[in-house]
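whatever this is, show me its structure:
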Amino acid sequence: MALAASLLRIDPRDDVAVALRGLAAGDAVADGVVARQDIPAGHKVALRALAAGEAVRKYGWPIGGASADIAPGDHVHTHNLTTLLEGLESYAYQPAAAEPLPPAPARTFHGYRRRNGRVGTRNEIWILSTVGCVARTAQKIAAEADRRFRGRVDGVHALTHPFGCSQLGGDLAATRAITAALAAHPNAGGVLVIGLGCESNQLGPLLESAGDVDPERLRAFTAQAEEDEVEAGLAAVEALVEIAEKDRREPCPLSDLVVGLKCGGSDGFSGLTANPLVGRIADAVSASGGTAVLTEIPEIFGAERLLMARAADATVFEDLAAVVNDFKSYFLSHGEPVSENPSPGNIAGGVTTLEEKSLGAVQKAGRAPVTEVVRYGGRASRPGVTLLEAPGNDAVSSTALTAAGATVILFTTGRGTPLGFPAPTLKLSTNSSLAQRKPHWIDFDAGRIAAGEPMDAAAEALLDLVLATASGQATRAEENGEREIALWKRGVTL
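Now for the predicted structure:
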């Protein structure tokens, strides 16, 4: 079936095509098929008749079932397409033949090699708080220290949260794990951890769980034990700056990069442009011996079998199946359906069901094997693709990506967001309209692919940007002073 130039059929098995630009009723869709209604850009149009109850395919996979009869040329969206996702599922290990990755590019970036061998893309001083009670204290110290020591390091930043007290069990352990992992991050040339003194998240156990942290680059105290906690903090930061300012960037291979993969505010172009483009970077990093970290577990529901088929071995498959069903159980235990997604912005952009969103989202992980599954608060440790347990929320998942070791985050978006995170975060627009409207948010326009630029050319340009960023070039979020963390709270509060 020959399609009009303004439409894209992603897979020959697909029942729908995506409008690359808005269609008016009567516009040609394909041989003998015209649009029966106006169809916005990024939305779907039926290529054949579909009966109510029939599965509808996009990306070569079902994205839901027709909730009403659909005629060729119909707009396919929430009025006639519904999710087929229900509760828990059983999975069987059926590994697919590994797809060959492209040759590893012989590319380098200039990073900071730490004593433990890990490589940072920034040389910052991070001030972490054990508990929300000292969050403002950490922020005051960071603001004054950044003013005093500007130019000597890449920046002084407070990474704070409202938790750490009145927490129990898993919530307390998760707060401690994320904070400890941030303390060990290679983008921090020095870390100051500030506690209060009486909180649940005690300073001692937190520091013990941080692992391989250079003791010369770590300072810690409790505010209750200091006569003037701000002055004590400034003195500690000054000592850290005196050490970190001697660090120098050096050439590092692509294998030293840990890339976080994230999407937020997806639209109908996400799975066509920015996400597969990011997948090319994930493949290049993986082929070189580096690590790409995929998260947002609720946004792989409906596409999880694609990742399971790429599990490096049966143990990874079992871990992957467990993390998916555990997350579904989390939804169900709160009385929520597992398909409670997409968001209103996603729907406005053309994404109808969670299956459709997920099939587009997993493309960020390219084709490389999934080599490990890491639970929330854990750290990536193997080359290839790591699947990290975290929700879809932008700040929570991006904080978890940073804690897992990501030194650069690639964030695709069709709707846009100014938010930034501890690791330098490159925003890729899925459509050129967003890039044109929000140039102060967007680092890379992936909409150029929908306009006809070859994927290979766009991937080469994006890899250049990733390496420049890893070598110190500021992202839009960094230029705007956007830097937040957020923790995943699941349990009770005392």
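
got the buried residues for stretch 83-99?
Within stretch 83-99, the residues scored as buried using 16 or more other CB atoms under 10 Å are Thr83, Leu84, Leu85, Tyr91. All C-beta spots, glycine's among them, are computed from the backbone N, C-alpha and C.

just say helix, strand or coil for the third one.
Of the three states, Leu85 takes coil under DSSP: H, G, I helix; E, B strand; the rest coil.

contacts only, for it.
Phe301, Gly302, Pro337, Val338, Ser339, Thr353, Leu354, Glu355 (CB atoms under 8 Å, 6 or more residues apart in numbering).

my guess is the first one contacts Leu354. True?
Yes. Using CB atoms under 8 Å, Phe301 and Leu354 qualify as a contacting pair, with a distance of 5.6 Å.

intersection of neighbour lists for the two?
Leu85, Val338, Ser339, Asn341.

A helix includes the third one, no?
Which is Ser339. No. Ser339 sits outside any helix when classified using three-state DSSP, being coil.

now Arg296: closest residue in space, sequence neighbours ignored.
Arg isn't right for residue 296; it's Glu. Gly392 (4.3 Å; CB to CB, 6 or more residues apart in numbering).

repeat for Lys438
Nearest non-adjacent residue to Lys438 (CB to CB, 6+ apart): Gly416, at 5.0 Å.

what helix or strand is Ala92 on?
Of the helices and strands defined by DSSP states H and E, none includes Ala92.

actually Trp126, not the one I typed
Going by DSSP H and E, Trp126 is in strand 124-129.

give the pairing partners of that strand; include direction for each.
Counting by DSSP bridges, the strands paired with strand 124-129 are strand 156-159 (parallel), strand 188-195 (parallel).

before we move on, the earlier item: how about the buried residues of stretch 83-99, which pair is most distant?
Pairwise distances across the buried residues of stretch 83-99 (CB to CB) peak at 18.7 Å, for the pair Thr83 and Tyr91.

just to be sure, Asn275 is in a helix?
Yes. Read with three-state DSSP, Asn275 is one of the residues of a helix.

which residues touch Ala303?
Trp61, Glu355, Ser358, Leu359, Ala361, Val362.

quick one, strands of the stretch 301-450 of the chain?
Assigned by DSSP state E, counting those that start in this stretch, the strands in the stretch 301-450 of the chain fall at 370-374, 384-388, 408-413, 425-429, 444-445.

can you name every helix or strand that the second one contacts?
Right, strand 384-388. helix 274-287, strand 291-294, strand 370-374 (3 or more CB pairs under 8 Å, 6 or more residues apart in numbering; DSSP states H and E).

okay if I get these as JSON lines plus mean neighbour count?
Output for these, formatted as JSON lines (neighbours: other CB atoms under 10 Å):
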{"stretch": "helix 274-287", "mean neighbour count": "25"}
{"stretch": "strand 291-294", "mean neighbour count": "28"}
{"stretch": "strand 370-374", "mean neighbour count": "23"}
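
export those as TSV, with columns for distance to Leu203 and mean pLDDT.
As requested, the helices and strands packed on strand 384-388 are exported to TSV (distance: least, CB to CB, whole Å; pLDDT from 0 to 100):
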stretch	distance to Leu203	mean pLDDT
helix 274-287	35	97
strand 291-294	28	98
strand 370-374	25	98
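
out of the strands paired with strand 124-129, nearest to Pro383?
Proximity to Pro383, assessed across the strands paired with strand 124-129 by CB to CB, is greatest for strand 188-195 (22.9 Å).

per-domain residue ranges of the chain.
7-82, 124-246, 255-479 (automatic domain parsing).

next up, the contacts around Asp62.
Actually, residue 62 is Pro rather than Asp. Here Pro62 is in contact with Ala55, Val56, Leu84, Glu355 (CB under 8 Å, 6+ apart).

helix, strand or coil: sort out it for me.
strand.

go on, Val259?
Looking at Val259 with three-state DSSP, the answer is strand.

if it is in a bridge, with which residues?
In beta-bridge terms (that is, DSSP bridges), Val259 pairs with Ala292, Val408.

pLDDT score for it?
pLDDT recorded at Val259 is 98.

quick one: the helices in the stretch 101-250 of the chain?
Secondary structure of the stretch 101-250 of the chain (DSSP state H, counting those that start in this stretch): helices at 135-149, 169-183, 203-209, 229-244.

Ala51: which of these is closest?
Nearest of the helices of the stretch 101-250 of the chain to Ala51, taken as CB to CB: helix 169-183 at 46.1 Å.

biggest helix in the protein by residues?
helix 314-333 (DSSP state H).

to Asp31, which of the helices of the stretch 101-250 of the chain lies closest?
helix 169-183 (54.7 Å).

and the strand holding Trp126, what's its mean pLDDT?
Mean predicted confidence for strand 124-129 is 98.

repeat that for stretch 143-151.
Mean predicted lDDT for stretch 143-151 stands at 97.

nearest residue to the most centrally placed residue in the chain in space, please, no chain neighbours.
When CA atoms, centre = their mean is applied to the chain, the residue found nearest the centroid is Lys262 (2.1 Å). Nearest non-adjacent residue to Lys262, counting by CB to CB, 6+ apart: Phe411, 4.6 Å away.

which residues touch that neighbour?
By CB under 8 Å, 6+ apart, the contact set of Phe411 is Lys262, Cys263, Gly264, Asp394, Ser398, Thr425, Leu426, Lys427, Leu428.

can you redo these as a markdown table with pLDDT and distance to Ala461?
Output for these, formatted as a markdown table (pLDDT from 0 to 100; distance: CB to CB, whole Å):
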| residue | pLDDT | distance to Ala461 |
| --- | --- | --- |
| Lys262 | 98 | 20 |
| Cys263 | 95 | 19 |
| Gly264 | 93 | 22 |
| Asp394 | 97 | 25 |
| Ser398 | 98 | 23 |
| Thr425 | 98 | 18 |
| Leu426 | 98 | 12 |
| Lys427 | 98 | 15 |
| Leu428 | 98 | 11 |
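
CA-only coordinates of the strand holding Trp126 in CSV, if you can.
Taking C-alpha atoms only, strand 124-129 is exported to CSV below (Å, rounded to 0.1, in the frame of the first residue of the first chain):
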residue,chain,number,x,y,z
GLU,A,124,31.4,19.6,41.2
ILE,A,125,31.0,19.8,45.0
TRP,A,126,27.8,18.2,46.1
ILE,A,127,26.2,19.0,49.4
LEU,A,128,23.8,16.2,50.4
SER,A,129,21.3,16.2,53.3
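
how far out from the middle of the chain is it?
Offset of strand 124-129 from its chain centre (CA atoms, centre = their mean, to the nearest Å): 22 Å.

which residues touch that strand?
So strand 124-129 is contacted by 135, 137-138, 141-142, 145, 149, 153-161, 164, 179, 182-183, 185, 187-195, 233, 237, 240-241, 244, 422 (CB under 8 Å, 6+ apart).
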